[in-house]
Each structure stands twice: as C-alpha cells, then as structure tokens.
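**Student:** Need coordinates for the following:
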Amino acid sequence: MADIDLDDYIRKVKDFPKPGILFYDVTGILAAPEAFRFCIDRMVALYKDKNIEAVASIESRGFIFAAAFADRLGIPQILIRKKGKLPGKVIRKEYALEYGTSEIEIQEVDIPKGRRVLLADDLFATGGTFRAAHDILVEGGALVPEVFGVIGLPFLHYDKQLPGIPVTTLINYNNE
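**Tutor:** Next up, the predicted model:
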C-alpha cells in the first residue's frame with residue numbers, strides 16, 4: 001500500500017455552508033481512485049483483525065467509504081440517515097452541528113444486536129453526529145468498540161463526545 005498525502009486531495013472551501021465555516025471537502029478523494037483506494041486499504045488494515053461484524057455509516061459521504069469497506073470485509077453496512085428518509089420503525093436522535101441542529105435515524109431492524117459495529121464517517125468536527133449515531137446503535141443493542149473517520153478536526157473536540165472509545169482518523173487538521 002503506497003503512502004498518499006490526503007491533504008493533496010481534500011479541498012478547503014471557505015464560508016461554506018455559511019460564513020465563517022471552513023469546509024473540508026472529501027469529494028477530491030472520491031475523484032481520485034488512488035486516494036480513495038488508499039483510504040479503503042487503510043480501513044481494512046486497521047480493522048480486519050478486530051472482529052468487526054458490521055459497519056454503520058452516516059449520510060451521505062460516509063456511505064461511500066463504508067460501502068467499499070463492507071464489501072472488502074464481506075460484512076453488512078448499516079445506513080444512518082437524516083430524519084424522514086427511512087421507512088418502518090426507526091430509532092431517532094437529535095444532535096448539534098457546528099452550525100445548527102439536525103436529526104438522524106436507523107431502521108431498528110438493521111441494528112445487529114450484540115454484534116461489533118464500526119461507526120464510520122467522512123469527517124469528525126464537533127462529534128455531535130457520531131455521538132448520536134453511537135447512541136442509536138447502542139440503544140438498539142449493538143456494540144460500538146471503535147469509530148473511524150477519514151478527516152478529523154480535533155480542535156473542535158470531537159473526542160470529548162465518546163470518552164473511552166477509540167477514534168481513528170486518517171488525517172487531522174488543526175484550527176486554520
């Protein structure tokens with residue numbers, strides 16, 4: 001597995017989605033097969049021996065990374081969606097964003113009770129989204145031993161959301 005500097009592929013967009021926010025756009029990784037392959041290879045190397053039985057991913061870019069990872073390991077992918085996007089009985093949580101609030105949900109039937117689920121997303125900022133996702137999974141009976149993100153913004157203290165649970169990111173940015 002060749003090393004890649006992911007920073008070369010992550011676009012930094014000022015004032016998006018609102019003034020004062022610096023948006024770290026992961027789509028540059030998706031547009032470059034070598035960068036995307038690097039991310040999936042790293043995920044597999046990190047988790048192939050950790051008895052992960054499913055991967056839960058957060059809408060929408062998290063789906064892309066988790067789908068490739070799930071395929072490589074031959075495990076199910078659980079979709080965590082924005083409110084109102086899933087049919088049937090759901091478990092829902094509200095969470096705070098860096099710039100507002102939102103809600104996510106999972107179909108209750110998709111949560112593998114008693115199974116080890118890796119929670120994955122493209123970017124961790126304040127950690128509110130992945131805290132809500134973690135809580136839904138645990139409430140539904142899953143075990144969430146670790147959390148994975150491609151990009152981390154540790155200056156926003158996402159690590160404070162789930163003390164004691166390892167959070168791994170492939171690249172971190174300090175306050176810029």
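**Student:** who's in contact with the helix or strand of the chain with the lowest mean pLDDT?
**Tutor:** Each helix and strand of the chain was given a mean pLDDT (mean pLDDT, DSSP states H and E); the minimum falls on strand 90-97 at a mean of 89. Residues from elsewhere that reach strand 90-97 (Cβ atoms under 8 Å, 6 or more residues apart in numbering): 83, 101-108, 111, 125-126, 128-129, 131-133, 135-136, 139-140. In short, each C-beta sits where N, CA and C put it, glycine included.
**Student:** the helices in this structure, which residues?
**Tutor:** Ranges of helices in the chain, per DSSP state H, are 27-30, 33-47, 61-73, 128-139.
**Student:** Looking at those helices, which is nearest to F16?
**Tutor:** helix 27-30 (12.3 Å; Cβ to Cβ).
**Student:** Just the buried positions in stretch 91-110, please.
**Tutor:** 91, 93, 95, 98, 104-107, 110 (16 or more other Cβ atoms under 10 Å).
**Student:** Nearest the middle, which residue of the chain would you pick?
**Tutor:** D121 (1.3 Å; Cα atoms, centre = their mean).
**Student:** Could you pull up the residues touching it?
**Tutor:** 57-58, 61-62, 65, 129-130, 133, 148-150.
**Student:** how about the most far-flung residue of the chain relative to its centre, phi and psi?
**Tutor:** Ranked by distance from the centre of the chain (Cα atoms, centre = their mean), the top residue is P19, with 24.4 Å. P19 adopts backbone torsions of phi -60, psi 140, taken as degrees, to the nearest 10.
**Student:** Having no further points to raise, I will conclude here.
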